[in-house]
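Novice: coords please:
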Amino acid sequence: MITRERVLGRIADHLVGLGRPLRVAVDGITASGKTTLARELTAAVAARGRSAAHLSMDGFHHPRAVRHRQGRDSADGYYLDAYDFGAFSRLVLEPLGPGGDRRYRERIIDLRSDTPLDEPPITGPDDLVLVVDGSFLQRELKWDEVVFVDTPFEVAFERGTRRDTELLGGLEQAQRAFGRRYHAASRQPGAAGARARQERRAHRGHRGRTARAVR
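Specialist: This is a model prediction of the structure:
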């Protein structure tokens, strides 16, 4: 029987045998379960004796004025303007990549208060596995490994709207945000969520195909 623990173990076994340091993306649509999986994977890697750290893309959002410049309900605005991928690449991926000094930043903004942060970098150990969760991580970033959390939109919608009801000012507002902005962005051609949906349909028609995503 394939269980979540078994899948996590197989991924962790794969990661600990790769080069160092290692930059791992946990990608997926909003409310797919990325953060939970990333934390569990980080713990599984550490349990196998290798240095591991978890980082969230929440700390690399653009300021609110940039995120909402196309409108609070804009799917294009969420897809294009939510994250500061340039800063993330420069401050995290490049220092941990080939020839880097391993000095990376954990965040550049406090998302809740919309306050920019200028915290000192930390130096990662040479055997570090850095696990990063976020959406659209396969759009313009270079990773050593990618795990895509393949959660159906309807499941993520139910989970996310319940989770964010208070944060977004009520259930109706949460449903509007997920329907018009968050998940609409992931349905755009080229977004990983749209590709995963297409692959699930293809998988149902090809019995011999091997699934590559984690749910």
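Novice: Tell me the secondary structure at Arg159.
Specialist: helix (DSSP: H, G, I helix; E, B strand; the rest coil).
Novice: With Val131 instead?
Specialist: strand.
Novice: That one: neighbour count?
Specialist: Neighbours of Val131 under the rule other CB atoms under 10 Å: 28. The way it works is simple: take the backbone N, C-alpha and C, and place the C-beta from them, glycine included.
Novice: same thing with Gly19?
Specialist: 8.
Novice: so where's the chain shaky on pLDDT?
Specialist: Applying pLDDT under 70 to the chain flags the ranges 192-215.
Novice: Okay, strands next: where are they in it?
Specialist: 22-27, 52-56, 103-104, 109-110, 115-116, 122-123, 129-134, 145-148 (DSSP state E).
Novice: buried residues in stretch 27-39?
Specialist: 27-35, 37-38 (16 or more other CB atoms under 10 Å).
Novice: now, among those residues, which is nearest to Arg176?
Specialist: Closest to Arg176 out of these is Thr30 (13.5 Å), distances taken as CB to CB.
Novice: Please list all residues in contact with Glu119.
Specialist: 105-107 (CB atoms under 8 Å, 6 or more residues apart in numbering).
Novice: For Ser32, see how far away it is.
Specialist: Distance of Glu119 to Ser32, given as CB to CB, to the nearest Å: 28 Å.
Novice: I figured Arg20 was touching Leu128, is that so?
Specialist: Yes. Judged on CB atoms under 8 Å, Arg20 makes contact with Leu128 at a distance of 6.8 Å.
Novice: More neighbours: those two, which one.
Specialist: Higher neighbour count among Arg20 and Leu128: Leu128, with 20 against 16, using other CB under 10 Å.
Novice: For burial, what's the neighbour tally of the nearest residue to that one once chain neighbours are set aside?
Specialist: In this structure, Leu128 finds its nearest non-sequential neighbour in Pro21, 4.0 Å apart by CB to CB, 6 or more residues apart in numbering. If you count neighbours by other CB under 10 Å, Pro21 ends up with 22.
Novice: isn't Pro21 right up against Val131?
Specialist: No. Pro21 lies out of contact with Val131 (CB under 8 Å); the separation is 11.5 Å.
Novice: residues in contact with Ala184?
Specialist: Counted by CB under 8 Å, 6+ apart, Ala184 has contacts 75, 78.
Novice: if we go to 7 Å?
Specialist: The neighbourhood of Ala184, defined by CB atoms under 7 Å, 6 or more residues apart in numbering, consists of Ala75.
Novice: what residues are up against the residue nearest in space to the middle of the chain?
Specialist: Per CA atoms, centre = their mean, the C-alpha nearest to the average position across the chain is that of Gly134, at 2.0 Å. Counting by CB under 7 Å, 6+ apart, Gly134 makes contact with 34, 56-57, 83.
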